[in-house]
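Q: Quick one: sequence and predicted model below, then my questions.
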Amino acid sequence: MCTLTAFAIVITGVYKDHIGHTSGIEMTSEAISSVMPFFPKLLACIVLLYALSTLISWAYYGQKSWNFLFGEGKKRTLTFQFIYCSFIVIGSVLNVTSVINITDAMMIAMSIPNIIAMYILAPEIKKDLADYCRLHQLGKWVNRDWLKPVPVKAETEEDEVLCQINKLS
């Protein structure tokens, strides 16, 4: 969809007249309305539905995350809903640039703990991926060197016996 929109803007040349002072949706509306005069009304409906679906889905995922972090409960859920609705009101009175900048900052802030967790869990994920690839015989698609089982050093005599049995089977 983004590619088609960009093609419409570039082909019609609308971007040349609006460098620096028109938002993307205004350029999209003007570009496509040059071919389909009814398009601005259709675009308004599309944008409204997209905005509502985004509000609903982010509210759902946010509430599920909130409940995971703070536990289930009516008061806790109402607290999240109050905070979420407050931010909707705040976002509706700010200009678009500020809302986008705040959203981008929050996305970056969320990525930091995810990157740390990915770094910590990388060896475990690599081991699980190697097991999965061995199980489904996907060696031809990945680096075969890391698919070889890693020898495990036995700590007790019992572990040594189990390692020997596994080698035989």
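A: Sure thing, it's come through.
Q: Tell me where this structure has helices.
A: Taking DSSP state H as the criterion, the chain contains helices spanning 2-12, 14-17, 24-33, 39-70, 74-93, 96-135, 157-168.
Q: Buried ones in the longest one, by neighbour count?
A: When you say that, I think you mean helix 96-135. The neighbour-count check on helix 96-135 (16 or more other CB atoms under 10 Å) flags 130, 133 as buried. To be clear about C-beta, it is placed using only N, CA and C from the backbone, and glycine gets the same treatment.
Q: Find the centremost residue of this protein, please.
A: The centre of the chain sits closest to Met107, judged by CA atoms, centre = their mean, with a distance of 9.3 Å.
Q: what about the closest residue to Tyr84 other than its chain neighbours, distance to Ile115?
A: Leaving out its chain neighbours, the residue that sits closest to Tyr84 by CB to CB, 6 or more residues apart in numbering is Ala59, at 5.7 Å. For Ala59, the distance to Ile115 (CB to CB, to the nearest Å) stands at 26 Å.
Q: Could you export the helices of the chain as JSON lines, including mean pLDDT?
A: Converted to JSON lines, the helices of the chain look like this (pLDDT from 0 to 100):
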{"stretch": "helix 2-12", "mean pLDDT": "84"}
{"stretch": "helix 14-17", "mean pLDDT": "79"}
{"stretch": "helix 24-33", "mean pLDDT": "82"}
{"stretch": "helix 39-70", "mean pLDDT": "92"}
{"stretch": "helix 74-93", "mean pLDDT": "94"}
{"stretch": "helix 96-135", "mean pLDDT": "89"}
{"stretch": "helix 157-168", "mean pLDDT": "57"}
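Q: Many thanks, I have nothing further to ask.
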